[in-house]
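S.K.: Got a predicted structure plus its sequence, pasted below:
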Amino acid sequence: MHNPVPAQLKRPQFKRLMFAQLLTVIVMVLLGAVLSGGPAAMSALTGGLICLLPNAYFAWRAFRYQGAQFARDIVKSFYRAEAGKFGLTAALFTLVFIAVPPSNPAFFFGAYVATLFTQWLAPWLLRKPSHT
């Protein structure tokens, strides 16, 4: 049996995607603050963070292994990362609705969906810049 070795060099760089999602959350918070005040901004912040935090967890956990010899470990890490992301999302939604229910559901869900839709930019944001 082999001992899986975490990937060191070729792990995908999620910094640009995480930055784009963080920027989306900030824009939604500012939009909420300008259009409806502090409670809407707080609703947008919680909605955006409910999307951003599980995505950051997934990016951290999913790409731990590389190479054909670690194919089984790669699949396991993806399943575990996705399960963790799902569980964290469910726990955060539960926590927010019990502890601090959003005062403005439109900004709460708007920020969540806007941050979620930022993932559609992943193929563009994750590709390596061309130096030619």
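M.R.: That came in fine, so what should we check first?
S.K.: Please tell me how far the spatially most central residue of the chain sits from residue 108.
M.R.: With distances taken as C-alpha atoms, centre = their mean, residue 55 lies nearest the centre of the chain, 2.2 Å away. From residue 55 across to residue 108, the span is 17 Å (C-beta to C-beta, to the nearest Å). Any C-beta I mention is one placed from the backbone N, CA and C, and that applies to glycine too.
S.K.: Other residues contacting stretch 94-106?
M.R.: Outside stretch 94-106, the residues within contact range by C-beta atoms under 8 Å, 6 or more residues apart in numbering are 32, 36, 39, 40, 42, 43, 44, 46, 47, 50, 108.
S.K.: May I have the host helix or strand of the first one exported as PDB, CA atoms only?
M.R.: Residue 32 is part of helix 15-36 when elements are defined by DSSP states H and E. Output in PDB follows, covering the C-alpha atoms of helix 15-36 (Å, rounded to 0.1, in the frame of the first residue of the first chain):
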ATOM      1  CA  LYS A  15      -6.700  32.900  -4.900                       C
ATOM      2  CA  ARG A  16      -8.200  34.800  -7.800                       C
ATOM      3  CA  LEU A  17     -11.500  32.900  -7.500                       C
ATOM      4  CA  MET A  18     -11.600  33.500  -3.700                       C
ATOM      5  CA  PHE A  19     -10.800  37.200  -4.300                       C
ATOM      6  CA  ALA A  20     -13.600  37.500  -6.900                       C
ATOM      7  CA  GLN A  21     -16.000  36.000  -4.400                       C
ATOM      8  CA  LEU A  22     -14.800  38.200  -1.600                       C
ATOM      9  CA  LEU A  23     -15.200  41.200  -3.900                       C
ATOM     10  CA  THR A  24     -18.700  40.100  -4.700                       C
ATOM     11  CA  VAL A  25     -19.600  39.900  -1.000                       C
ATOM     12  CA  ILE A  26     -18.100  43.400  -0.500                       C
ATOM     13  CA  VAL A  27     -20.100  44.900  -3.400                       C
ATOM     14  CA  MET A  28     -23.300  43.300  -2.100                       C
ATOM     15  CA  VAL A  29     -22.600  44.600   1.400                       C
ATOM     16  CA  LEU A  30     -22.000  48.200   0.000                       C
ATOM     17  CA  LEU A  31     -25.100  47.900  -2.200                       C
ATOM     18  CA  GLY A  32     -27.200  46.900   0.800                       C
ATOM     19  CA  ALA A  33     -25.700  49.700   3.000                       C
ATOM     20  CA  VAL A  34     -26.400  52.400   0.300                       C
ATOM     21  CA  LEU A  35     -29.900  51.200  -0.700                       C
ATOM     22  CA  SER A  36     -31.300  50.000   2.600                       C
END
